[in-house]
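1. got a predicted structure here, sequence first:
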Amino acid sequence: MRKPELSAAIADQAGLTREKASEVINAVTDQITAAAARGDDISLIGFGTFSVRKREARTGRNPQTGATIQIAASKTVGFKPGKALKDAVN
């Protein structure tokens, strides 16, 4: 499901216009992004938790040349699904 399809489904379920539903989706994703940028965890009970994870610096290998390269430390966003989401999928 892509964003326009999600907007249409939310609009139908909540009785909103597609434009308003799209604005709601944008607001939610903007707030999740801002919280992650601050390093905060975002917990949506029943759905799951977004958290910032740290990756240590490590040694890697260039697959084309086989040369060893250094990969810098970085941060990434992880997602752990909640019980309700796991149950819905299974």
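-> Done, it's in. In this text, all values refer to a predicted model and were calculated from it rather than measured experimentally.
2. mind listing what's buried in stretch 13-28?
-> 21-22 (16 or more other CB atoms under 10 Å). Every C-beta, even on glycine, is put in place using the N, C-alpha and C of the backbone.
3. tell me how many other residues surround the closest residue to Ile42 other than its chain neighbours.
-> Spatial nearest neighbour of Ile42, excluding adjacent residues (CB to CB, 6 or more residues apart in numbering): Phe50 at 4.3 Å. By other CB atoms under 10 Å, 18 other residues sit near Phe50.
4. before we move on, what about Leu6?
-> 13.
5. kindly confirm my reading that it is in a strand.
-> No: read with DSSP: H, G, I helix; E, B strand; the rest coil, Leu6 is helix and lies in no strand.
6. got the contact list for the spatially closest residue to it that is not a sequence neighbour?
-> Leaving aside its sequence neighbours, Leu6 sits nearest to Ile25 (CB to CB, 6+ apart; 6.4 Å). Listed by CB atoms under 8 Å, 6 or more residues apart in numbering, the contact set of Ile25 reads 3, 6-7, 10.
7. and which of the residues you listed is nearest Asn90?
-> Closest approach between those and Asn90, by CB to CB: Leu6, at 22.1 Å.
8. picking that back up, local confidence estimate at the residue nearest to Leu6?
-> Ile25 is assigned 96 on the pLDDT scale.
9. which SSE is it in?
-> helix 18-38 (DSSP states H and E).
10. and that helix, how far from the chain's centre?
-> Relative to the centre of its chain, helix 18-38 is centred 11 Å away, using CA atoms, centre = their mean, to the nearest Å.
11. Gly60: neighbour count?
-> Neighbours around Gly60, by other CB under 10 Å: 10.
12. which residues does it bridge with?
-> In this entry, Gly60 is beta-bridged to Ile69, by DSSP bridges.
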